[in-house]
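[1] have a look; sequence and predicted model below, questions after that.
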Amino acid sequence: MRRPPRPNTGTLLLYAYKRFDQELFASLHDAGHAGLRPKHGAVLANLDERGTRLTTLARRAHIGTSAMGELVDQLERLGYVDRTADPDDRRAKLVVPTTHGTSVIDLAFRTIREIEAEYAAVLGESGHAALREALTRLAERSIRQRPSRRATPPAP
């Protein structure tokens, strides 16, 4: 079997994503948030300041509601979110960031800005902008298209 002479695009994207994730979570862990895992980003990245319904979080993260519920349970035990009654519909619950949750979200966004500034330093501003544009187009295409029958669903 012959291997390609260089990594394919998917492998390169994976390497870049893993490094991004490692830098982000190292920063969070260094700040005392050692209980957080990358999977918790599915909640924290999609959470509105005033709270978000679990079904909305699941839809935004492109995962099932039961998987999202498990992640919210974990974050609730860790003190990052609470569940409160939705003022628009008392039968529904909102997932709301606690003060602790808001501080970690703020730190995550600051860290992401720092990582992206490093990318811009390596690629140049126009190169970084072009990378973001290309990745945005690929992500939008992925979201719009139905997965093929051969595709396996992503793990939660």
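    The structure has been received and is ready for your questions.
[2] need the contact partners of stretch 83-94.
    50, 51, 52, 53, 54, 72, 76, 95, 96 (C-beta atoms under 8 Å, 6 or more residues apart in numbering). C-beta: built from backbone N, CA, C; applies to glycine.
[3] let me know the secondary structure of the closest residue to the third one other than its chain neighbours.
    Spelled out, it's residue 52. In space, residue 52 comes closest to residue 95 once its chain neighbours are excluded; the distance is 5.6 Å by C-beta to C-beta, 6 or more residues apart in numbering. Taking DSSP: H, G, I helix; E, B strand; the rest coil as the rule, one finds residue 95 in the strand state.
[4] and residue 39, backbone torsions?
    Its backbone dihedrals place residue 39 at phi -60, psi -30, with angles given as degrees, to the nearest 10.
[5] residue contacts, the nearest residue to it once chain neighbours are set aside?
    Leaving out its chain neighbours, the residue that sits closest to residue 39 by C-beta to C-beta, 6+ apart is residue 71, at 6.3 Å. With contacts defined as C-beta under 8 Å, 6+ apart, the neighbours of residue 71 are 39, 40, 42, 43, 156.
[6] which stretches of the protein form strands?
    With strands called from DSSP state E, the chain shows them at 52-53, 81-86, 89-97.
[7] most tightly packed of those strands?
    The highest mean neighbour count among the strands of the chain belongs to strand 52-53 (a mean of 19), with neighbours defined as mean count of other C-beta atoms under 10 Å.
[8] now it: average pLDDT?
    If you average the pLDDT over strand 52-53, you get 97.
[9] and the nearest residue to residue 101 once chain neighbours are set aside, how many neighbours?
    Excluding the flanking residues, the one nearest residue 101 by C-beta to C-beta, 6+ apart is residue 80, at 3.8 Å. Residues near residue 80, counting by other C-beta atoms under 10 Å, number 26.
[10] tell me which residues touch residue 80, please.
    Contact partners of residue 80, counting by C-beta under 8 Å, 6+ apart, are 36, 40, 44, 97, 98, 100, 101, 104.
[11] which pLDDT does the model give the nearest residue to the last one once chain neighbours are set aside?
    The one in question is residue 104. Nearest-residue entry for residue 104: residue 33, 5.3 Å, with adjacent residues in sequence omitted and distances by C-beta to C-beta, 6+ apart. Taken from the predicted model, the pLDDT recorded for residue 33 is 95.
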